[in-house]
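*Asks:* Fold the following and give me the result.
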Amino acid sequence: MRASTVQQSIEINAGPDKVFAAALSFDAPSIVKKHGALPGVAAVAGQTAAWSAPGQQRTLTLTDGTSVRETLVLLDRSSYDYRVEEFTGPIAALIERATGQFEAAPDGAGSLLSWRYEFVAASPAAAPLLRFMVSALWPGYMRAALKRLKVVIEAQ
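*Replies:* Below you'll find the predicted structure:
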């Protein structure tokens, strides 16, 4: 199999409904920033309404000038899934597509927000390098974004 998976979670001092609403609507350029070798989100285009219905699409331009297309795939009361495709730049040689998921769950007096990614390698030859990137670089990238999102949520 050519898939590589990574998940990070963070405890947030707010109820799951509030946490989920924030995870669904956060401002990507202010939350998903460059981290090490991985670019951040510079801009979001093509989103004409709130991220609220399966099938909606948007294009993310990254800080290194590359881009990806996101499609909202599934949305329920506490989680949403999205597909990431059409990678441009050098990373396109590694990644065919990815799926992401945010889920907010009750956790004591607050919530646990989990973010999961599954990446599919562009080819069998790309799989080892993708596995390395996902295991070595992606967890810190996700943790940093989740920490920024936690600050925003808890300040509201």
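
*Asks:* Please give me every residue in contact with the residue nearest in space to the middle of the chain.
*Replies:* Centrality entry for the chain: nearest residue to the mean C-alpha point is residue 100, 5.6 Å, by C-alpha atoms, centre = their mean. The contact partners of residue 100, by C-beta atoms under 8 Å, 6 or more residues apart in numbering, come to 81-84, 115-117. For the C-beta atoms, the positions are set from N, CA and C on the backbone; glycine is no exception.

*Asks:* make it 10 Å
*Replies:* 70, 73, 80-84, 115-119, 142 (C-beta atoms under 10 Å, 6 or more residues apart in numbering).

*Asks:* One more: residue 48?
*Replies:* 56-58.

*Asks:* Could you give the bridge partners of the closest residue to residue 85 other than its chain neighbours?
*Replies:* Excluding its sequence neighbours, the residue lying closest to residue 85 (C-beta to C-beta, 6 or more residues apart in numbering) is residue 97, at 4.7 Å. Bridge pairing for residue 97 (DSSP bridges) gives the partners residue 120.

*Asks:* For residue 68, see how far away the residue nearest to the centre of the chain is.
*Replies:* 11 Å (C-beta to C-beta, to the nearest Å).
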